[in-house]
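S.K.: Just need the structure, nothing else, for what follows:
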Amino acid sequence: MTYRGLGSLQTGNTFQMGIGKAFTLFTKMNMTVSKDVDPIASQTVSENHLTDVLAEKARRENFNVVSKLLPEGIKEHLINIYNYCRYIDDIGDLSLGKREENLRSAEQDLKEALDGATNNKIFSAIATTVKKTSAPEKNLFDLIEANFMDQTIKKYDTFEQLCDYCQLSANPVGRLVLAAFGAYNDENAKLSDLICTSLQIIEHLQDIAEDYAEGRIYLPKEDLEKFHVEESMLEGKARTSKAKSKLFELDFNRDVPAIADELKRLLSFECGRARQLMLEGSPLLNALPSVAAKVAIAGFIGGGLAQLEAIEKSNYNVINIEIKASKISVVLNSLKMFARAYLYKTVAYEPKNGSVEKDTSQELDSYLKKMGFLPKSYISRWLR
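M.R.: Numbering: from 1, shown residues only. Presented below is the predicted three-dimensional model:
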(Lines give C-alpha, C1' and ligand atoms only; values in the text may rest on other atoms or scores of the structure.)
Protein backbone atom coordinates (compact mmCIF):
# COMPACT_ATOMS: atom_id res chain seq x y z
CA MET A 1 0.00 0.00 0.00
CA THR A 2 1.90 2.99 -1.20
CA TYR A 3 0.93 6.39 -0.13
CA ARG A 4 -2.46 6.96 -1.61
CA GLY A 5 -1.89 10.44 -0.59
CA LEU A 6 -3.69 12.44 -3.02
CA GLY A 7 -6.80 10.85 -2.36
CA SER A 8 -6.70 8.64 0.55
CA LEU A 9 -7.28 10.75 3.55
CA GLN A 10 -10.90 11.36 3.88
CA THR A 11 -11.51 15.04 3.72
CA GLY A 12 -13.18 17.56 1.52
CA ASN A 13 -12.18 18.42 -1.98
CA THR A 14 -12.21 22.18 -2.36
CA PHE A 15 -8.59 22.74 -1.48
CA GLN A 16 -7.39 19.21 -1.95
CA MET A 17 -6.99 17.97 -5.32
CA GLY A 18 -5.65 14.83 -4.03
CA ILE A 19 -4.61 12.80 -6.78
CA GLY A 20 -5.35 9.39 -5.78
CA LYS A 21 -4.40 6.37 -3.95
CA ALA A 22 -0.83 7.06 -4.63
CA PHE A 23 -0.80 10.58 -5.92
CA THR A 24 -0.66 10.54 -2.77
CA LEU A 25 1.58 13.28 -2.00
CA PHE A 26 -0.22 15.78 -0.38
CA THR A 27 -3.55 14.54 -1.40
CA LYS A 28 -4.28 11.38 0.01
CA MET A 29 -6.02 13.07 2.56
CA ASN A 30 -9.10 13.41 0.70
CA MET A 31 -11.00 10.35 0.00
CA THR A 32 -12.20 6.96 0.90
CA VAL A 33 -10.70 4.17 -1.13
CA SER A 34 -13.32 1.67 -2.19
CA LYS A 35 -12.54 -1.93 -1.44
CA ASP A 36 -15.36 -3.23 -3.59
CA VAL A 37 -14.73 -5.20 -6.76
CA ASP A 38 -12.28 -3.19 -8.78
CA PRO A 39 -12.31 -3.11 -12.59
CA ILE A 40 -8.53 -2.97 -12.58
CA ALA A 41 -8.15 -6.02 -10.37
CA SER A 42 -9.11 -8.29 -13.23
CA GLN A 43 -6.63 -6.82 -15.66
CA THR A 44 -3.15 -8.15 -16.24
CA VAL A 45 -0.03 -6.05 -16.01
CA SER A 46 0.45 -6.16 -19.77
CA GLU A 47 -2.86 -4.40 -20.44
CA ASN A 48 -3.16 -0.64 -20.60
CA HIS A 49 -5.41 1.09 -18.11
CA LEU A 50 -7.97 3.00 -20.09
CA THR A 51 -8.49 6.62 -19.15
CA ASP A 52 -12.16 6.10 -18.35
CA VAL A 53 -11.35 3.25 -15.95
CA LEU A 54 -8.95 5.42 -13.97
CA ALA A 55 -11.39 8.30 -14.06
CA GLU A 56 -14.07 6.04 -12.61
CA LYS A 57 -11.70 5.06 -9.79
CA ALA A 58 -11.15 8.74 -9.05
CA ARG A 59 -14.90 9.35 -8.94
CA ARG A 60 -15.40 6.42 -6.59
CA GLU A 61 -12.71 7.86 -4.33
CA ASN A 62 -14.96 10.83 -3.74
CA PHE A 63 -12.79 13.76 -4.68
CA ASN A 64 -11.98 15.94 -7.66
CA VAL A 65 -8.69 14.80 -9.11
CA VAL A 66 -7.64 18.25 -10.14
CA SER A 67 -8.93 21.61 -9.01
CA LYS A 68 -10.39 23.93 -11.62
CA LEU A 69 -8.08 26.62 -10.27
CA LEU A 70 -5.03 25.06 -11.89
CA PRO A 71 -3.65 25.88 -15.34
CA GLU A 72 -4.29 23.27 -18.00
CA GLY A 73 -0.61 22.33 -18.35
CA ILE A 74 -0.28 21.56 -14.65
CA LYS A 75 -3.58 19.67 -14.64
CA GLU A 76 -2.27 17.38 -17.35
CA HIS A 77 0.89 16.60 -15.38
CA LEU A 78 -1.04 15.95 -12.17
CA ILE A 79 -3.41 13.60 -13.95
CA ASN A 80 -0.45 11.73 -15.44
CA ILE A 81 1.09 11.42 -11.97
CA TYR A 82 -2.19 10.18 -10.53
CA ASN A 83 -2.66 7.59 -13.28
CA TYR A 84 0.87 6.27 -12.87
CA CYS A 85 0.68 6.05 -9.09
CA ARG A 86 -2.69 4.32 -9.14
CA TYR A 87 -1.51 1.93 -11.83
CA ILE A 88 1.58 0.87 -9.89
CA ASP A 89 -0.36 0.69 -6.63
CA ASP A 90 -3.00 -1.56 -8.17
CA ILE A 91 -0.37 -3.87 -9.62
CA GLY A 92 1.05 -4.27 -6.13
CA ASP A 93 -2.34 -4.67 -4.42
CA LEU A 94 -4.73 -6.15 -6.94
CA SER A 95 -3.08 -7.69 -9.99
CA LEU A 96 -3.52 -11.36 -10.77
CA GLY A 97 -0.70 -13.88 -10.67
CA LYS A 98 2.64 -13.29 -8.96
CA ARG A 99 2.68 -9.64 -8.09
CA GLU A 100 6.45 -9.39 -7.70
CA GLU A 101 6.83 -10.59 -11.30
CA ASN A 102 4.15 -8.12 -12.39
CA LEU A 103 5.99 -5.30 -10.67
CA ARG A 104 9.27 -6.36 -12.25
CA SER A 105 7.57 -6.31 -15.65
CA ALA A 106 6.18 -2.84 -14.91
CA GLU A 107 9.66 -1.67 -13.97
CA GLN A 108 10.99 -2.84 -17.32
CA ASP A 109 8.09 -1.19 -19.15
CA LEU A 110 8.87 2.07 -17.36
CA LYS A 111 12.50 1.92 -18.45
CA GLU A 112 11.37 1.42 -22.05
CA ALA A 113 8.93 4.32 -21.76
CA LEU A 114 11.64 6.66 -20.53
CA ASP A 115 13.68 5.61 -23.57
CA GLY A 116 10.70 6.43 -25.79
CA ALA A 117 9.81 2.84 -26.66
CA THR A 118 6.48 1.70 -25.20
CA ASN A 119 2.85 1.19 -26.12
CA ASN A 120 1.68 1.58 -22.54
CA LYS A 121 -0.31 4.82 -22.38
CA ILE A 122 0.19 5.30 -18.66
CA PHE A 123 3.97 4.98 -18.82
CA SER A 124 4.19 7.03 -21.98
CA ALA A 125 2.28 9.89 -20.33
CA ILE A 126 4.32 9.88 -17.13
CA ALA A 127 7.54 9.77 -19.15
CA THR A 128 6.39 12.88 -20.98
CA THR A 129 5.58 14.62 -17.70
CA VAL A 130 8.96 13.76 -16.20
CA LYS A 131 10.78 15.14 -19.23
CA LYS A 132 8.74 18.33 -19.41
CA THR A 133 8.99 19.07 -15.69
CA SER A 134 12.57 17.85 -15.22
CA ALA A 135 11.45 15.67 -12.32
CA PRO A 136 14.03 13.06 -11.25
CA GLU A 137 13.17 9.70 -12.82
CA LYS A 138 14.20 7.97 -9.61
CA ASN A 139 10.88 8.97 -8.04
CA LEU A 140 9.02 6.70 -10.46
CA PHE A 141 11.19 3.70 -9.64
CA ASP A 142 10.97 4.40 -5.90
CA LEU A 143 7.18 4.00 -6.06
CA ILE A 144 7.62 0.58 -7.64
CA GLU A 145 10.19 -0.35 -5.00
CA ALA A 146 7.68 0.56 -2.27
CA ASN A 147 5.24 -1.92 -3.75
CA PHE A 148 7.95 -4.58 -3.78
CA MET A 149 8.38 -3.95 -0.06
CA ASP A 150 4.66 -4.39 0.52
CA GLN A 151 4.85 -7.92 -0.86
CA THR A 152 7.25 -9.11 1.84
CA ILE A 153 7.37 -6.58 4.70
CA LYS A 154 4.23 -6.44 6.79
CA LYS A 155 5.56 -4.86 10.00
CA TYR A 156 8.18 -2.30 11.04
CA ASP A 157 10.28 -2.47 14.19
CA THR A 158 11.18 1.21 14.45
CA PHE A 159 9.88 4.59 13.38
CA GLU A 160 13.08 5.09 11.41
CA GLN A 161 12.28 1.99 9.34
CA LEU A 162 8.77 3.28 8.72
CA CYS A 163 10.19 6.61 7.54
CA ASP A 164 12.47 4.72 5.16
CA TYR A 165 9.36 3.11 3.70
CA CYS A 166 7.66 6.51 3.40
CA GLN A 167 10.74 7.74 1.54
CA LEU A 168 9.76 5.30 -1.20
CA SER A 169 5.98 5.15 -0.91
CA ALA A 170 4.96 8.75 -0.24
CA ASN A 171 7.77 11.24 -0.65
CA PRO A 172 8.35 10.60 -4.38
CA VAL A 173 4.79 11.71 -5.09
CA GLY A 174 5.40 15.04 -3.42
CA ARG A 175 8.57 15.56 -5.41
CA LEU A 176 6.75 14.82 -8.65
CA VAL A 177 4.08 17.35 -7.71
CA LEU A 178 6.68 19.99 -6.90
CA ALA A 179 8.20 19.46 -10.33
CA ALA A 180 4.77 19.83 -11.93
CA PHE A 181 4.46 23.24 -10.27
CA GLY A 182 7.99 24.21 -11.30
CA ALA A 183 9.09 24.33 -7.66
CA TYR A 184 11.44 21.39 -7.36
CA ASN A 185 14.76 21.96 -5.62
CA ASP A 186 16.62 20.24 -2.80
CA GLU A 187 15.31 22.49 -0.04
CA ASN A 188 11.69 22.30 -1.18
CA ALA A 189 12.02 18.54 -1.56
CA LYS A 190 13.08 18.18 2.08
CA LEU A 191 10.04 20.14 3.26
CA SER A 192 7.78 18.20 0.91
CA ASP A 193 9.13 14.94 2.34
CA LEU A 194 8.06 15.99 5.83
CA ILE A 195 4.54 16.73 4.64
CA CYS A 196 4.26 13.51 2.67
CA THR A 197 5.58 11.36 5.48
CA SER A 198 3.04 12.99 7.78
CA LEU A 199 0.22 12.28 5.34
CA GLN A 200 1.35 8.67 5.03
CA ILE A 201 1.31 8.29 8.80
CA ILE A 202 -2.17 9.80 9.01
CA GLU A 203 -3.34 7.37 6.34
CA HIS A 204 -1.92 4.49 8.35
CA LEU A 205 -3.70 5.73 11.47
CA GLN A 206 -7.10 5.87 9.81
CA ASP A 207 -6.60 2.44 8.20
CA ILE A 208 -5.33 0.52 11.25
CA ALA A 209 -8.17 -2.02 11.36
CA GLU A 210 -8.24 -2.50 7.60
CA ASP A 211 -4.48 -3.01 7.42
CA TYR A 212 -4.54 -5.38 10.40
CA ALA A 213 -7.18 -7.50 8.65
CA GLU A 214 -4.79 -7.77 5.69
CA GLY A 215 -1.87 -8.77 7.90
CA ARG A 216 -0.15 -5.37 7.87
CA ILE A 217 0.80 -3.23 10.85
CA TYR A 218 2.25 0.21 10.19
CA LEU A 219 2.55 1.19 13.85
CA PRO A 220 6.22 0.66 14.79
CA LYS A 221 6.85 -2.26 17.10
CA GLU A 222 8.88 -0.05 19.41
CA ASP A 223 5.83 2.21 19.87
CA LEU A 224 3.49 -0.72 20.50
CA GLU A 225 5.83 -1.96 23.21
CA LYS A 226 6.35 1.50 24.70
CA PHE A 227 2.61 1.98 25.19
CA HIS A 228 1.93 -1.67 26.09
CA VAL A 229 -0.34 -2.24 23.09
CA GLU A 230 -0.92 -5.82 21.95
CA GLU A 231 -1.37 -6.44 18.24
CA SER A 232 -4.78 -7.98 18.90
CA MET A 233 -6.00 -4.56 20.10
CA LEU A 234 -5.77 -3.33 16.51
CA GLU A 235 -8.62 -5.52 15.33
CA GLY A 236 -11.81 -3.59 14.59
CA LYS A 237 -14.70 -3.15 12.22
CA ALA A 238 -13.75 0.12 10.54
CA ARG A 239 -13.71 -0.24 6.75
CA THR A 240 -13.58 -4.05 6.84
CA SER A 241 -17.20 -4.23 8.01
CA LYS A 242 -18.16 -1.31 5.77
CA ALA A 243 -18.83 0.75 8.88
CA LYS A 244 -19.25 4.25 7.52
CA SER A 245 -20.21 7.27 9.53
CA LYS A 246 -19.40 10.95 9.40
CA LEU A 247 -17.94 12.55 12.46
CA PHE A 248 -20.76 15.02 12.95
CA GLU A 249 -23.44 12.31 12.63
CA LEU A 250 -22.09 10.01 15.31
CA ASP A 251 -22.53 9.93 19.05
CA PHE A 252 -19.28 8.34 20.13
CA ASN A 253 -20.69 7.38 23.49
CA ARG A 254 -23.36 5.08 22.10
CA ASP A 255 -23.30 1.84 20.13
CA VAL A 256 -19.60 2.08 19.37
CA PRO A 257 -17.15 -0.36 20.99
CA ALA A 258 -14.55 1.39 23.09
CA ILE A 259 -10.83 0.94 22.52
CA ALA A 260 -8.19 0.18 25.12
CA ASP A 261 -6.69 3.11 27.01
CA GLU A 262 -3.22 1.92 25.99
CA LEU A 263 -4.19 2.22 22.34
CA LYS A 264 -5.65 5.68 22.88
CA ARG A 265 -2.37 6.86 24.36
CA LEU A 266 -0.42 5.35 21.48
CA LEU A 267 -2.64 6.98 18.85
CA SER A 268 -2.44 10.31 20.66
CA PHE A 269 1.34 10.04 20.44
CA GLU A 270 1.25 9.12 16.74
CA CYS A 271 -1.13 11.98 15.93
CA GLY A 272 1.18 14.41 17.70
CA ARG A 273 4.14 13.08 15.75
CA ALA A 274 2.28 13.43 12.44
CA ARG A 275 1.20 16.98 13.26
CA GLN A 276 4.76 17.97 14.16
CA LEU A 277 6.08 16.64 10.85
CA MET A 278 3.31 18.46 8.96
CA LEU A 279 4.03 21.79 10.60
CA GLU A 280 7.79 21.38 10.16
CA GLY A 281 7.16 20.97 6.43
CA SER A 282 4.64 23.80 6.15
CA PRO A 283 7.29 26.49 5.37
CA LEU A 284 7.21 24.96 1.90
CA LEU A 285 4.22 27.22 1.26
CA ASN A 286 6.44 30.28 1.54
CA ALA A 287 8.74 29.05 -1.22
CA LEU A 288 6.13 28.14 -3.84
CA PRO A 289 6.17 30.32 -6.96
CA SER A 290 2.47 30.72 -7.72
CA VAL A 291 -0.87 31.27 -6.03
CA ALA A 292 -2.19 28.05 -7.57
CA ALA A 293 0.65 26.06 -6.02
CA LYS A 294 0.13 27.72 -2.63
CA VAL A 295 -3.60 26.99 -2.70
CA ALA A 296 -2.99 23.37 -3.66
CA ILE A 297 -0.35 22.65 -1.04
CA ALA A 298 -2.24 24.59 1.63
CA GLY A 299 -5.14 22.27 0.85
CA PHE A 300 -2.98 19.18 1.28
CA ILE A 301 -1.67 20.42 4.62
CA GLY A 302 -5.05 21.67 5.76
CA GLY A 303 -6.64 18.35 4.87
CA GLY A 304 -4.07 16.46 6.92
CA LEU A 305 -4.50 18.71 9.94
CA ALA A 306 -8.29 18.44 9.68
CA GLN A 307 -8.07 14.66 9.60
CA LEU A 308 -5.91 14.65 12.70
CA GLU A 309 -8.49 16.80 14.46
CA ALA A 310 -11.24 14.39 13.42
CA ILE A 311 -9.30 11.42 14.78
CA GLU A 312 -8.74 13.22 18.06
CA LYS A 313 -12.40 14.22 18.32
CA SER A 314 -13.42 10.59 17.81
CA ASN A 315 -11.44 9.76 20.96
CA TYR A 316 -9.01 7.92 18.68
CA ASN A 317 -11.52 5.17 17.89
CA VAL A 318 -10.18 4.61 14.39
CA ILE A 319 -10.51 0.85 14.59
CA ASN A 320 -14.30 0.92 14.92
CA ILE A 321 -15.26 4.10 13.10
CA GLU A 322 -14.34 5.31 9.65
CA ILE A 323 -13.28 8.83 10.53
CA LYS A 324 -13.86 11.63 8.08
CA ALA A 325 -13.02 15.27 8.64
CA SER A 326 -15.79 17.69 7.79
CA LYS A 327 -15.43 19.90 4.73
CA ILE A 328 -15.69 22.96 6.96
CA SER A 329 -12.70 21.79 8.97
CA VAL A 330 -10.73 21.11 5.81
CA VAL A 331 -11.49 24.52 4.34
CA LEU A 332 -10.73 26.39 7.57
CA ASN A 333 -7.42 24.62 8.10
CA SER A 334 -6.49 25.14 4.46
CA LEU A 335 -7.37 28.83 4.56
CA LYS A 336 -5.33 29.24 7.73
CA MET A 337 -2.25 27.70 6.12
CA PHE A 338 -2.71 29.81 2.97
CA ALA A 339 -3.17 32.99 5.03
CA ARG A 340 0.02 32.30 6.97
CA ALA A 341 1.97 31.80 3.75
CA TYR A 342 0.51 35.00 2.27
CA LEU A 343 1.28 36.89 5.46
CA TYR A 344 4.87 35.67 5.49
CA LYS A 345 5.55 36.83 1.95
CA THR A 346 3.87 40.23 2.03
CA VAL A 347 5.00 41.75 5.33
CA ALA A 348 8.59 40.69 5.81
CA TYR A 349 10.77 43.76 6.26
CA GLU A 350 14.45 44.67 6.12
CA PRO A 351 15.99 45.77 9.42
CA LYS A 352 19.06 47.98 9.78
CA ASN A 353 21.56 45.15 9.55
CA GLY A 354 20.33 44.36 6.04
CA SER A 355 19.05 40.85 6.74
CA VAL A 356 15.43 40.01 6.07
CA GLU A 357 13.61 39.11 9.24
CA LYS A 358 10.03 39.00 10.42
CA ASP A 359 8.35 40.77 13.27
CA THR A 360 5.25 38.88 14.31
CA SER A 361 3.40 41.86 15.72
CA GLN A 362 4.05 43.97 12.62
CA GLU A 363 2.94 41.13 10.38
CA LEU A 364 -0.27 40.55 12.25
CA ASP A 365 -1.15 44.24 12.47
CA SER A 366 -0.55 44.66 8.76
CA TYR A 367 -2.65 41.65 7.94
CA LEU A 368 -5.47 42.66 10.25
CA LYS A 369 -5.77 46.00 8.44
CA LYS A 370 -6.38 44.12 5.22
CA MET A 371 -8.96 41.94 6.96
CA GLY A 372 -10.76 44.81 8.65
CA PHE A 373 -14.19 43.39 7.95
CA LEU A 374 -13.56 40.72 10.63
CA PRO A 375 -13.06 41.29 14.37
CA LYS A 376 -9.39 41.75 15.20
CA SER A 377 -9.57 39.41 18.19
CA TYR A 378 -11.04 36.63 16.07
CA ILE A 379 -8.33 36.79 13.40
CA SER A 380 -5.56 37.06 15.97
CA ARG A 381 -6.67 33.88 17.70
CA TRP A 382 -7.29 32.08 14.39
CA LEU A 383 -3.93 32.79 12.78
CA ARG A 384 -2.03 31.91 15.94
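S.K.: roughly how far apart are the closest residue to F181 other than its chain neighbours and G302?
M.R.: Spatial nearest neighbour of F181, excluding adjacent residues (CB to CB, 6 or more residues apart in numbering): A293 at 4.2 Å. In short, each C-beta sits where N, CA and C put it, glycine included. Relative to G302, A293 is positioned 14 Å away (CB to CB, to the nearest Å).
S.K.: Tell me where the model's unsure across the stretch 151-300 of the chain.
M.R.: In the predicted model of the stretch 151-300 of the chain, residues 238-255 satisfy pLDDT under 70.
S.K.: try 50
M.R.: 240-253 (pLDDT under 50).
S.K.: any chance you could map the strands in it?
M.R.: Listed in chain order, the strands of the stretch 151-300 of the chain (DSSP state E, counting those that start in this stretch) amount to none at all.
S.K.: quick one: which of A293 and G302 has more around it?
M.R.: When A293 and G302 are compared on other CB atoms under 10 Å, the one with more neighbours turns out to be G302, at 30 against 21.
S.K.: check contacts around that one.
M.R.: G302 sits next to 15-16, 330-338 when contact means CB atoms under 8 Å, 6 or more residues apart in numbering.
S.K.: how does it look with 7 Å?
M.R.: 15, 330, 333-334, 336-337 (CB atoms under 7 Å, 6 or more residues apart in numbering).
S.K.: Out of those, which is nearest to R273?
M.R.: R273 has its nearest neighbour among the contacts of G302 in N333, at 18.1 Å by CB to CB.
S.K.: which SS class is that closest one?
M.R.: Recorded secondary structure, N333: helix (DSSP: H, G, I helix; E, B strand; the rest coil).
S.K.: And for stretch 279-287, what's in contact with it?
M.R.: Taking contacts as CB under 7 Å, 6+ apart, the residues outside stretch 279-287 that touch it are 183, 188, 191-192, 194-195, 198, 294, 297-298, 301, 337, 341, 344-345.
S.K.: farthest-separated two in those?
M.R.: Pairwise distances among the contacts of stretch 279-287 were taken by CB to CB; the largest, 23.0 Å, belongs to S198 and K345.
S.K.: between these two, who's got more neighbours?
M.R.: Shown here are S198 and K345; by other CB under 10 Å, S198 has more neighbours (29 against 13).
S.K.: Relative to L284, how far out is that one?
M.R.: Separation of S198 from L284 (CB to CB): 12 Å.
S.K.: Could you do D142 as well?
M.R.: When distance is defined by CB to CB, D142 is 20 Å away from L284.
S.K.: Of the two, give the one with the bigger neighbour count.
M.R.: More crowded of D142 and L284, by other CB under 10 Å: L284, with 28 against 19.
S.K.: Am I right that A325 sits in a helix?
M.R.: No - assigned with three-state DSSP, A325 falls outside any helix and is coil.
S.K.: Residues touching stretch 263-277, excluding its own?
M.R.: 194, 197-198, 201-202, 205, 219, 223, 227, 229, 233, 305, 308, 311-312, 315-316, 318.
S.K.: And the helices in the stretch 1-150 of the chain?
M.R.: Residue ranges of the helices in the stretch 1-150 of the chain, as given by DSSP state H, counting those that start in this stretch, are 5-8, 51-60, 72-94, 99-114, 121-133, 138-152.
S.K.: Can you name every helix or strand that the fourth one contacts?
M.R.: Using 3 or more CB pairs under 7 Å, 6 or more residues apart in numbering; DSSP states H and E as the contact test, the elements touching helix 99-114 are helix 72-94, helix 121-133, helix 138-152.
S.K.: what about Q276, how many neighbours?
M.R.: With neighbours defined by other CB under 10 Å, the count for Q276 comes to 12.
S.K.: again, but for the one 3 residues further on
M.R.: As a burial measure, the neighbour count of L279 was computed by other CB under 10 Å and equals 15.
S.K.: same question, L78
M.R.: By the criterion of other CB under 10 Å, L78 has 28 neighbours.
S.K.: Columns distance to Y212 on top of the contacts of G302, output as TSV?
M.R.: Formatted as TSV, the entries for these read as follows, by distance: CB to CB, whole Å:
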residue	distance to Y212
F15	31
V330	27
N333	29
S334	31
K336	34
M337	32
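S.K.: Distance to I79 and neighbour count added to the residues you listed, as CSV?
M.R.: Putting those into CSV (distance: CB to CB, whole Å; neighbours: other CB atoms under 10 Å) gives the following:
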residue, distance to I79, neighbour count
F15, 18, 29
V330, 22, 30
N333, 25, 24
S334, 21, 27
K336, 28, 17
M337, 24, 26
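S.K.: Closest one of the residues you listed to L78?
M.R.: Within the set of the contacts of G302, F15 lies nearest L78; the separation is 14.4 Å, counting by CB to CB.
S.K.: re the thing from before, can you tell me how far the residue nearest to F181 sits from K132?
M.R.: In this structure, A293 lies at 16 Å from K132, with CB to CB as the measure.
S.K.: How about D207?
M.R.: Applying CB to CB to D207 and K132 gives a distance of 34 Å.
S.K.: Looking at these two, which has the bigger crowd around it?
M.R.: Under the neighbour definition other CB under 10 Å, D207 and K132 were set side by side, and D207 has more, 25 against 14.
S.K.: how about the helix or strand harbouring A310: buried residues?
M.R.: Using DSSP states H and E, A310 maps to helix 291-313. Applying a neighbour-count criterion of 16 or more other CB atoms under 10 Å, the buried positions in helix 291-313 are 293-311.
S.K.: orientation of it relative to helix 72-94 in degrees?
M.R.: Here the directions of helix 291-313 and helix 72-94 differ by 40 degrees (axes from the mean of the first three to the mean of the last three CA atoms, to 10 degrees).
S.K.: To what extent is I202 buried, counted in neighbours?
M.R.: A count of neighbours around I202, defined by other CB under 10 Å, yields 27.
S.K.: so it touches E309, yeah?
M.R.: No - at 10.9 Å, I202 and E309 do not qualify as touching, with contact defined as CB atoms under 7 Å.
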